[in-house]
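Chemist: The following block contains a protein sequence and its predicted model.
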Amino acid sequence: MNTPHPVSTRLTMSHTTTVITPDGSRQQLEQLAIETPYAIALNDETIGSSMVLPIGLEEFGAGFLFGQGYIKEPGEIREIHVCPEGRIAVYADVEHSEPKEVIITSGCGGTGKISKEMLEGAFEPLQECTITFPEISDFIRQALQSSPLGPQTHCVHGCGLWQDGRLQLFYEDVGRHNAVDKVLGAILLGRASARSAIYTTGRLTSDMVLKCARIGIPIIMSRTAPSSLGLAIARRAGATLAAYARPDRLNVFNAPHRIVI
């Protein structure tokens, strides 16, 4: 599995809480996920900012700009610099003149934003693949076991990519949109292909499904539920949309033919 992150990155902090029950109170040490503000710039012009888990930041910068409509395909990005003062500087061979019109989506605190143009027009053909049910079971188990942050903090979402019979990528973040953006950014940086299946612990709202379909991923799965617009976009794109995914079951809302029993 791709492991692009330095082990020394500080992702949690300790805090002592007071646990109060009808039987009394006691002190308990808790782990908090670290949430850090980062600005994202394209060719030295700031495009936006987000609160993120400080890991997978190159991938996040690329995925963020894809969602905003500035980066469209692999090969456009020349280099990315993550600056310690909280800035992700992306340099790409793209034209950028006017700000893109964006839509604020269902992301908490306005973190979910997509360019309006992503909603318009026909979808390009998806990069076709199938996945077997035993692979789905392995995919979900491996994704959920890939990091201790979930059980430690109960404050992060995970997102994984399954390709060629193995877990190719896995990223986490405090925001479900950010975790997906990191996977999409890794695809844009050539670390994986869209000919794959994606699994997220977050719900599949319109923007989540839209970004996955626009980059060409044919199989989109979630531990939780889709929204009505998420399903509508999956139907438009012809993507397989599966929810309530567990190692022993899943509910396929659209295009079940890519799931091989």
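Modeler: Here it is on my side, so go on.
Chemist: Please make it C-alpha for all contacts and neighbour counts, starting now.
Modeler: Will do.
Chemist: Low-confidence ranges, the stretch 51-200 of the chain, go.
Modeler: Low-confidence regions of the stretch 51-200 of the chain, defined by pLDDT under 70, span residues 96-115.
Chemist: list the contacts for the nearest residue to residue 204 once chain neighbours are set aside?
Modeler: Using CA to CA, 6 or more residues apart in numbering and skipping the chain neighbours, the partner closest in space to residue 204 is residue 226 (4.3 Å). Neighbouring residues of residue 226 by CA atoms under 8 Å, 6 or more residues apart in numbering: 203, 204, 205, 243.
Chemist: top of the residues you listed by neighbour count?
Modeler: Of all these, the most densely surrounded is residue 204 (27 neighbours; neighbours counted as other CA atoms under 10 Å).
Chemist: show me the contacts for residue 33.
Modeler: When contacts are counted by CA under 8 Å, 6+ apart, residue 33 is found next to 11, 12, 13, 53, 149, 153, 155, 156, 174.
Chemist: Name whatever forms a beta bridge with it.
Modeler: The residues listed as beta-bridge partners of residue 33 by DSSP bridges are residue 12.
Chemist: And residue 38, by the same measure?
Modeler: Using DSSP bridges, the beta-bridge partners of residue 38 come out as residue 50.
Chemist: Distance check, it against residue 78.
Modeler: 20 Å (CA to CA, to the nearest Å).
Chemist: out of these two, which sits in the busier spot?
Modeler: residue 38 (22 against 10).
Chemist: Contact partners for that one?
Modeler: Applying CA under 8 Å, 6+ apart to residue 38 gives the contacts 49, 50, 51, 52, 86, 87, 88.
Chemist: if you set the cut-off to 10 Å instead, what comes out?
Modeler: Contacts for residue 38 were tallied using CA atoms under 10 Å, 6 or more residues apart in numbering; they are 48-54, 57, 61, 82-88.
Chemist: Please list only the buried members of these.
Modeler: Neighbour-count burial (16 or more other CA atoms under 10 Å) applied to those gives 49, 50, 51, 52, 53, 54, 57, 61, 82, 87, 88.
Chemist: Of those residues, just say which sits nearest to residue 144.
Modeler: Looking at those and their distance to residue 144, the nearest is residue 53, at 17.3 Å (CA to CA).
Chemist: where along this structure do the helices fall?
Modeler: Here the chain has its helices, by DSSP state H, at 57-67, 116-119, 133-144, 149-153, 176-188, 206-215, 228-237.
Chemist: Look up the closest residue to residue 201, ignoring the ones flanking it.
Modeler: residue 223 (4.9 Å).
Chemist: That neighbour: neighbour count?
Modeler: A count of neighbours around residue 223, defined by other CA under 10 Å, yields 18.
Chemist: Could you measure from residue 138 over to residue 167?
Modeler: Relative to residue 167, and taking CA to CA, residue 138 is found at 9 Å.
Chemist: When these two are compared, which one has more neighbours?
Modeler: The residue with more neighbours, out of residue 138 and residue 167 and counting by other CA under 10 Å, is residue 167; that gives 22 against 15.
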